[in-house]
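*Asks:* Fold the stuff below for me.
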Amino acid sequence: MTQTMAEFLEVRTTIDSEEGARRIAQQLVEQRLAACVQISGPIQSVYWWQGAIEQAQEWLCSAKTRADLYSAVEQAIRAAHSYEEPEIIAVPLAAGSEGYLRWLTAETTRPTSDNPQ
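*Replies:* You can find the predicted model right below:
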């Protein structure tokens, strides 16, 4: 299987509760929009919001997915997110083991009746 790294992304978002992070992770994986979502936290964030410096405790979700699914991943995160304007950023994967990338592709491909998984 020959794949270019530009085919794969890590999509990140932060949210203000572990429960919210788990909800986002579960939905992305259930919908096969991500093969894996890792949750880190709590972390401390310092940022500008509406003209003031804010500080918050947050949880970071890092979703491993295919680049062609980015729009659907963003839409799913927005639908599950509590923030008015959530951080949703994507970083292309520069490298990855062939076996992991095969797994990532397989787990983000919806099964069909002709191709059960």
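
*Asks:* Relative to residue 10, how far out is residue 60?
*Replies:* 11 Å (CB to CB, to the nearest Å). The C-beta positions use only the backbone N, C-alpha and C, and glycine is treated the same way.

*Asks:* all strands for this protein, in order.
*Replies:* Ranges of strands within the chain are 8-15, 36-49, 52-66, 88-92, based on DSSP state E.

*Asks:* Give me whichever of those is most buried.
*Replies:* Stretch with highest mean neighbour count among the strands of the chain: strand 8-15 (a mean of 22; mean count of other CB atoms under 10 Å).

*Asks:* I'd like to know which of the strands of the chain is closest to residue 21.
*Replies:* Counting by CB to CB, residue 21 lies closest to strand 52-66 out of these; the figure is 3.8 Å.

*Asks:* Residues contacting that closest one, please?
*Replies:* 7-18, 20-21, 24-25, 28, 33-48, 73, 93, 104-105, 108 (CB atoms under 8 Å, 6 or more residues apart in numbering).
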